[in-house]
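Novice: just coords:
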């Protein structure tokens, strides 16, 4: 008896089918893109040629062929293909799948279990795959749009190879569009720039492109449409973005590193990408302020104030006007002199503080409000700096058992150049005065 999760029953050729389904590749050689996993000497080719297909995690954005590749791998290896989705499958259904695979194995045939959105399974559910992977009951192929390092258990990752699938580039999408035109028997009614605009609307998603092509082909038009006519009729596809997912962290990392790399144009681009995708401007205001204290610091003390003013301006104006204040702060930070000296010094001081535990301050800098404390030497020998020459006593303020340490090393950039002069001056005085 066919189990509930087997490959769908074939439908008659006369039944209506979406273009994406009609163009589904029949073998791995016709898959568009993904040369890094399917090309000569690439991981999947090596596995198939060796006759040793292992469990896999396919990590990539939507519409790049994860499901298609899994189906074709089952065909190439003569494994029974079973597909489930972590969104709709619970523990009882998983037990049925594993039991059916066990019976199938006893009959001499293996099972390729394709799990879409595998990152949505919790830890216990993910652990449930392990014994069936280890004894050969299933070859697991999981698909995820999220970073497996964060979303999948270490035990599962140790038993599966992670393969990264890339978003389709414009050349890949053009090949796919040509394949669609051949299937439909006519060319897209678009001029050159409009055709390129259609490819860009797909945003690297092959399935999205075929859906767009299907819409355009359904129109009755005279001649070829230009870009304005296309965009009037067709809404631009929203960029892939999940405020709690991997893309969120990738884009904020790109913004931060563009600022650190003193590139205001790239920084503005990533800021715009996040805002257009619906990112909370308050989150961006907080992260921009963090950039000021982490990567600029005292090289430009004004940078932090600019960020806080931009944040406050946004709170008063709201969107979209207030977003300009955030853009202004980003440009200021990108062009400011850079220093992480305070950031590095703070981390080093935290490390030293944890290592030295509860060492007491030296007695000469302790207050002595009682006679007993004075008898214990508290405050004895303290030099009041305002009474010293140059307002500097040169005393040691570290714990006696620890000795003097050094953390802050200002750079020769921006205002920190002046701070370095001051630090060197006090270092010389401290040495001269013992």
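Specialist: Nice, I can see it. Treat the numbers as computed from the prediction; the structure is a model and nothing was measured.

Novice: starting at the chain centroid, how far to the strand or helix carrying residue 430?
Specialist: Residue 430 is part of helix 416-432 when elements are defined by DSSP states H and E. Remark: helix 416-432 is offset 42 Å from the chain centroid, using Cα atoms, centre = their mean, to the nearest Å.

Novice: buried ones in it?
Specialist: For helix 416-432, a neighbour-count test (16 or more other Cβ atoms under 10 Å) marks 416, 419-420 as buried. (C-beta placed from N, C-alpha, C; glycine too.)

Novice: stretch 16-28 too?
Specialist: Residues of stretch 16-28 classed as buried: 19-20, 23-24, 28 (neighbour count, 16+ other Cβ under 10 Å).

Novice: give me the residues contacting that stretch.
Specialist: Under the contact criterion Cβ atoms under 8 Å, 6 or more residues apart in numbering, stretch 16-28 has outside partners 11, 31-32, 38, 44, 48, 65, 68-69, 71-73, 75-76, 176, 179-180, 183-184, 206-207, 210-211, 213-214.

Novice: now do it, average pLDDT.
Specialist: Across stretch 16-28, the average pLDDT comes to 88.

Novice: ends of it, what's the gap?
Specialist: End-to-end distance of stretch 16-28 (Cα to Cα, to the nearest Å): 25 Å.

Novice: do the same with stretch 147-159
Specialist: Termini of stretch 147-159 sit 17 Å apart (Cα to Cα).

Novice: just put the buried residues of helix 416-432 in a markdown table and tack on distance to residue 394 and pLDDT.
Specialist: Shown next, in a markdown table, are the buried residues of helix 416-432 (distance: Cβ to Cβ, whole Å; pLDDT from 0 to 100):
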| residue | distance to residue 394 | pLDDT |
| --- | --- | --- |
| 416 | 23 | 92 |
| 419 | 19 | 92 |
| 420 | 19 | 92 |
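
Novice: check contacts around residue 362.
Specialist: 396-400 are the contacts of residue 362 under Cβ under 8 Å, 6+ apart.

Novice: mind pulling up the pLDDT for residue 34?
Specialist: Looking at residue 34, its pLDDT stands at 93.

Novice: is it true that residue 126 touches residue 154?
Specialist: No - Residue 126 is beyond contact range of residue 154, at 10.1 Å (criterion: Cβ atoms under 8 Å).

Novice: so which residues make contact with the helix holding residue 430?
Specialist: 297-299, 337, 339, 341, 390, 392, 394, 408, 410-412.

Novice: what do you get if the cut-off is 6 Å, keeping everything else the same?
Specialist: Helix 416-432 is contacted by residues 298-299, 339, 392, 394, 410 when judged by Cβ atoms under 6 Å, 6 or more residues apart in numbering.

Novice: is it possible to mark the buried ones in the contacts of stretch 16-28?
Specialist: 31-32, 38, 44, 48, 65, 68-69, 71-73, 176, 179-180, 206-207, 210-211, 213.

Novice: just the ones in helices from those residues, please.
Specialist: Among the buried ones among the contacts of stretch 16-28, DSSP state H puts 38, 44, 48, 68-69, 71-73, 176, 179-180, 206-207, 210-211, 213 in helices.

Novice: which other residues reach the helix or strand of the chain with the lowest mean pLDDT?
Specialist: When the helices and strands of the chain are compared on mean pLDDT, DSSP states H and E, helix 371-375 comes out lowest with a mean of 82. Identification of contacts with helix 371-375 by Cβ under 6 Å, 6+ apart yields residue 368.

Novice: quick check, nearest of the contacts of residue 362 to residue 257?
Specialist: Checking these against residue 257 with Cβ to Cβ, the nearest one is residue 398 at 35.9 Å.

Novice: need the three-state assignment for the closest residue to the closest one other than its chain neighbours.
Specialist: Leaving aside its sequence neighbours, residue 398 sits nearest to residue 404 (Cβ to Cβ, 6 or more residues apart in numbering; 5.3 Å). Secondary structure assignment for residue 404 (DSSP: H, G, I helix; E, B strand; the rest coil): coil.

Novice: how deep is residue 404 tucked in, by neighbour count?
Specialist: 8 (other Cβ atoms under 10 Å).

Novice: tell me how far it lies from residue 122.
Specialist: 52 Å (Cβ to Cβ, to the nearest Å).

Novice: repeat that for residue 409.
Specialist: On the measure of Cβ to Cβ, residue 409 and residue 122 end up 46 Å apart.

Novice: more crowded one of those two?
Specialist: residue 409 (14 against 10).

Novice: list phi and psi for the nearest residue to the more buried one once chain neighbours are set aside.
Specialist: Distance criterion Cβ to Cβ, 6+ apart; nearest residue to residue 409, sequence neighbours excluded, is residue 341 at 5.6 Å. Per-residue torsions, residue 341: phi -60, psi -40 (degrees, to the nearest 10).

Novice: which ones are touching residue 341?
Specialist: 409-411.

Novice: now with 8 Å?
Specialist: Residues in contact with residue 341 (Cβ under 8 Å, 6+ apart) are 297-299, 408-411, 416.

Novice: next: residue 323.
Specialist: 275, 281, 314.

Novice: also residue 191?
Specialist: So residue 191 contacts 224-227 (Cβ under 8 Å, 6+ apart).

Novice: would you map the helices across the stretch 51-200 of the chain?
Specialist: 66-77, 91-106, 123-127, 130-134, 148-151, 154-158, 170-184, 192-201 (DSSP state H, counting those that start in this stretch).

Novice: could I get the buried residue list for the strand or helix carrying residue 253?
Specialist: Here residue 253 sits within helix 246-260, counting by DSSP H and E. By neighbour count on 16+ other Cβ under 10 Å, the buried set for helix 246-260 is 246-248, 251-252, 254-256, 258-260.

Novice: just the pLDDT for the closest residue to residue 361 other than its chain neighbours.
Specialist: In space, and not counting its chain neighbours, residue 361 is closest to residue 399: 6.3 Å by Cβ to Cβ, 6+ apart. For residue 399, the pLDDT comes out at 89.

Novice: domain assignment for the chain?
Specialist: If you go by automatic domain parsing, the domain ranges for the chain are 19-164, 170-233, 246-335, 360-432.

Novice: right, and those - which one's nearest residue 347?
Specialist: domain 360-432 (8.7 Å).

Novice: start and end of that closest one, how far apart?
Specialist: This stretch, domain 360-432, spans 26 Å end to end (Cα to Cα).

Novice: work out the gap between that domain and the centre of the chain.
Specialist: The answer for domain 360-432 is 44 Å, by Cα atoms, centre = their mean.
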